[in-house]
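[1] Predicted model, plus sequence, below.
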Amino acid sequence: MAAQGLKGPPYRFPHGNTKEILRMRKEAMGRPTSRHLSHDILPIIQPEIHTWVNTCDSVNFLTVCWLCGAEIPSLAWSSASTSCTEPEIIKEILNNKDKNFVKIKPRGFAKKLVGDGLVVLDGEKWVKLRKLANHAFHGEILKSSLPAVVDSVHMMLEKWEDHESKEIEVFEEFILLTLEVIS
């Protein structure tokens, strides 16, 4: 990877960067967050990506783990991950016209998060869903629905303010938000 110009943190035997990733995540979760909502959540939910993307190139090589099923159960064998923040390269990867990029089938929590949608599908199923979704995500249609989406999000946030010191089931809340936006 280094010979191809991909930079990243050094590999550490035998666990790759797993221990460093877990340490960074623990530190990020331990830092207090402000009461104000912010879109800048990457340093909190994936501090390793945030750190390495800012210290390496926009396209960088991240050694994730090696035989580390105990630390991160979803990653059981040696694997390498490449993160890209360059919009043109991301567009090429998502288009995948030459079938060079294989989609990973998510498991566990990731499966619940992304479901069986366009993100994970390939082949005929992907083509069928893409055609259905294409009309709904046309720029003009999205622009016209933006005020309704903003209103729905504001209503959800107002409801959350009433739960000031209580736990909120965010997964359920986003399902309701999605249903409201779609309807």
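    Arrived safely.
[2] Just after the helix ranked longest in the chain, pick out the following helix or strand.
    Of all the segments of type helix in the chain, defined by DSSP state H, the longest one is helix 139-161. Scanning the chain past helix 139-161 towards its C-terminal end, the next helix or strand to appear is helix 170-182 (assignment: DSSP states H and E).
[3] packing partners for that next one?
    Under the contact criterion of 3 or more CB pairs under 8 Å, 6 or more residues apart in numbering; DSSP states H and E, the helices and strands touching helix 170-182 comprise helix 139-161. The way it works is simple: take the backbone N, C-alpha and C, and place the C-beta from them, glycine included.
[4] and the helix it packs on, how far out from the chain's middle?
    Taking CA atoms, centre = their mean, to the nearest Å, one finds helix 139-161 lying 21 Å from the centre of the chain it belongs to.
[5] okay but residue 177 is in contact with residue 154, surely?
    No: judged on CB atoms under 8 Å, residue 177 makes no contact with residue 154 at a distance of 10.9 Å.
[6] Show me which of those two is the more surrounded one.
    Remark: of residue 177 and residue 154, residue 177 carries more neighbours, 16 against 10, as counted by other CB atoms under 10 Å.
[7] Name the nearest residue to the more buried one, ignoring sequence neighbours.
    Distances taken as CB to CB, 6 or more residues apart in numbering put residue 156 closest to residue 177, at 5.4 Å, once the chain neighbours are dropped.
[8] Kindly provide the distance from that neighbour to residue 17.
    To residue 17, residue 156 is 36 Å away according to CB to CB, to the nearest Å.
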